[in-house]
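Engineer: Below: sequence and its predicted model.
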Amino acid sequence: MTLLREGSRSGHRIPGGTAKDSSPGDLCLVVMDTPNAPHSEAPATVTETPADVNQRLVALLQQIAEGDRTAFAEFYQLTSRRVYGMARRVLIDTELSEDTTQEVFLQVWQNAAKFDPAAGSPLAWLMTISHRRAVDKVRSAQSATDREARYGASTQDIDHDSVSDEVGSRLEAEAVVRCLGTLTETQQESVRLAYYGGLTYREVAERLNAAVPTIKSRIRDGLIRLKTCLGVS
Amino acid sequence: MTEMNNGRGGRSGAFGDTVSADLASGRAVDLAELYALDAVTDEERRTIEQYISTAPAAERDSFYERVRQSRETLTRTFTAEEEPPAGLFDRITAQLPAQDAGRDTGAPAPSAGSATFEGAGEVSDDELARARQRREERRRPAGARRWLAGIAAAAAIALGGVGVGSYIADQNDPLNQVVRAGDLREASVDVAGGGTATVQISSSEDAAVVRMKDVPAPPEGKVYQMWLIPKDGSAPVSQGLMDAEALSKPAVVEGISSAAALGITVEPVGGSESPTLPTVAAAPLDA
């Protein structure tokens, strides 16, 4: 496979003081969101070739909607690492993460017919369900004190990525790293606290000792910047 | 402090302090990212949804367009992966309704019906029974699970100031037996209020040794109390109290085999019958 560079690589400025001031061309395989845990022995997963896999997932969901359990098994095989990985980052606890994953896939089984390809990619649909579940759980189970700890957790593991040898996946990871670099540190932090910390904007504001309107803006602006940089349309 | 209103961080229009204020000032669409990120409370979510459902079509469309884009963005950005436990898929399929019953209702899955799995052969009765039993086990101890959720939050095992009066050992018996055990596991962790704690766990000795370093004394009129949280979901069992002085000594906690975790709370001097949540620190013992 040819290693195709994305054309827009140099088209994004990196604000001073963030993103380690590395040149955009540096292959910095550090993604803020990957777990410490299992590394590259990963089987084929949804990050490998996004377009193909998304197409495959759409087809599988249609079959699942008709009660096809084989399709369900394949869907699980392709996506469960993502669902469980996210749950682990939000919930940390393995049992709760397992419960969440179980609930998510039961929901997939029940609601596959409701998936509308026009309304978004199947993976985004799945991860939306998953994040919501994980956040519901973490909020019902945890006190304010515990959230303090979660803050620690979500900031600690900004770590090595389990980037596989797959070129498509590596390019994607690179793009994400590069695009995260276009956010200010405070934007990154706010978005990350909300996503992996499961915090509301108000909790993020309290945590960072910032004004509520400021945090709302950071989250909005950060996500919009990311979206633009990644070329999400 | 949450009501400070001096931050004009947004370049494209400042937010207010509350979701209601934002809706009232015509910024519903600007809430799309927060909404997509689940960074609002359930109540705020409902408020937003209610507003959007009756909003002009153009506003509604652009809100949902930004929500969609945000979700795609998040899905591409936060890509943590981890292999779920083996057997999880079997437990899931064991819960699927027999046929199409219960489908598309949005209701929780009915409990396990027949659970053959096409393409993967028959699931044996034994496996089914085990899956069912495991689910039931996992459901029962709501209390313990709640504790564990807190522990989960303490990610790196934040052990608070612990030391247990009745077990304070000098350098003799139980302590040495534990630290000499062949199966000793050790974890050093940061303590939330400062300092570090080291936990040495020996399954063969059925005990753990906890040592504190630079952990602050409990507040005036308070003590630390340590608890074992049983695996079976029964009430946490006090392991003793701990004052400022006791913090400097290693503590031995015995009988850990039936415990899922160890938790520390701050209690009034004299201790409490049951823990006052939240824990200041907690650690899983079996992980």
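Structural biologist: Yes, it's here.
Engineer: Averaged pLDDT, stretch B:250-263. What do you get?
Structural biologist: Mean per-residue pLDDT for stretch B:250-263: 80.
Engineer: and that stretch with chain A, contact?
Structural biologist: No - on the criterion CB under 8 Å from any CB of the partner chain, stretch B:250-263 is out of touch with chain A, staying 9.2 Å away. C-beta here means a position set from N, CA and C on the backbone, and glycine is covered the same way.
Engineer: who's in contact with the nearest residue to residue A:102 once chain neighbours are set aside?
Structural biologist: The shortest distance from residue A:102 to any residue that is not its chain neighbour, by CB to CB, 6 or more residues apart in numbering or on different chains, is 5.3 Å, and that residue is residue B:92. Residue B:92 makes contacts with A:76, A:102, A:105, A:106, as judged by CB atoms under 8 Å, 6 or more residues apart in numbering or on different chains.
Engineer: And the pLDDT for residue B:92?
Structural biologist: 94.
Engineer: that older thread, list just the nearest of the contacts of residue B:92 to residue A:172.
Structural biologist: Among the contacts of residue B:92, residue A:76 lies closest to residue A:172 (CB to CB), at 22.0 Å.
Engineer: so that closest one touches residue B:91, yeah?
Structural biologist: No - counting by CB atoms under 8 Å, residue A:76 sits too far from residue B:91 to count as a contact (11.5 Å).
Engineer: per the record, what domains does chain A have?
Structural biologist: A:41-141, A:144-233 (automatic domain parsing).
Engineer: State the phi and psi torsions of the closest residue to residue B:183 other than its chain neighbours.
Structural biologist: Using CB to CB, 6+ apart and skipping the chain neighbours, the partner closest in space to residue B:183 is residue B:204 (5.0 Å). Torsion angles at residue B:204 (phi, psi; degrees, to the nearest 10) stand at phi -70, psi -30.
Engineer: can stretch B:228-240 be found next to chain A?
Structural biologist: No - shown here: stretch B:228-240 not in contact with chain A (CB under 8 Å from any CB), separated by at least 11.0 Å.
Engineer: show me the contacts for residue B:35.
Structural biologist: B:45, B:48, B:67.
Engineer: tell me the mean pLDDT for whichever strand or helix holds it?
Structural biologist: Element membership of residue B:35, judged by DSSP states H and E, is helix B:32-36. Average pLDDT, helix B:32-36: 97.
Engineer: can you map out the strands along chain A?
Structural biologist: A:30-31, A:159-160 (DSSP state E).
Engineer: The stretch 151-287 of chain B now?
Structural biologist: For the stretch 151-287 of chain B, applying DSSP state E, counting those that start in this stretch gives strands covering B:185-190, B:196-202, B:207-213, B:222-230, B:237-242, B:251-254, B:259-268, B:281-284.
Engineer: Can you add mean neighbour count and give those back as JSON lines?
Structural biologist: Shown next, in JSON lines, are the strands of the stretch 151-287 of chain B (neighbours: other CB atoms under 10 Å in any protein chain shown):
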{"stretch": "strand B:185-190", "mean neighbour count": "15"}
{"stretch": "strand B:196-202", "mean neighbour count": "20"}
{"stretch": "strand B:207-213", "mean neighbour count": "22"}
{"stretch": "strand B:222-230", "mean neighbour count": "24"}
{"stretch": "strand B:237-242", "mean neighbour count": "21"}
{"stretch": "strand B:251-254", "mean neighbour count": "22"}
{"stretch": "strand B:259-268", "mean neighbour count": "23"}
{"stretch": "strand B:281-284", "mean neighbour count": "26"}
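Engineer: What's the local residue count around residue B:221?
Structural biologist: Neighbours of residue B:221 under the rule other CB atoms under 10 Å in any protein chain shown: 7.
Engineer: That one is in contact with residue B:270, isn't it?
Structural biologist: No - using CB under 8 Å, residue B:221 makes no contact with residue B:270, being 10.1 Å away.
Engineer: so residue B:202 touches residue B:252, yeah?
Structural biologist: No - counting by CB under 8 Å, residue B:202 does not reach residue B:252; the two are 10.3 Å apart.
Engineer: what's the spacing between residue A:228 and residue A:215?
Structural biologist: 20 Å (CB to CB, to the nearest Å).
Engineer: These two: which is more packed in?
Structural biologist: residue A:215 (31 against 15).
Engineer: ok, back up a step: pick out the shakiest of the domains of chain A, pLDDT-wise.
Structural biologist: When I compare these, domain A:144-233 is least confident, with a mean of 80.
Engineer: Okay, and the beta partners of residue B:185?
Structural biologist: residue B:201 (DSSP bridges).
Engineer: ok so, going back, inside helices: which ones of the contacts of residue B:92?
Structural biologist: A:76, A:102, A:105, A:106 (DSSP state H).
Engineer: Fine, thanks again, bye for now.
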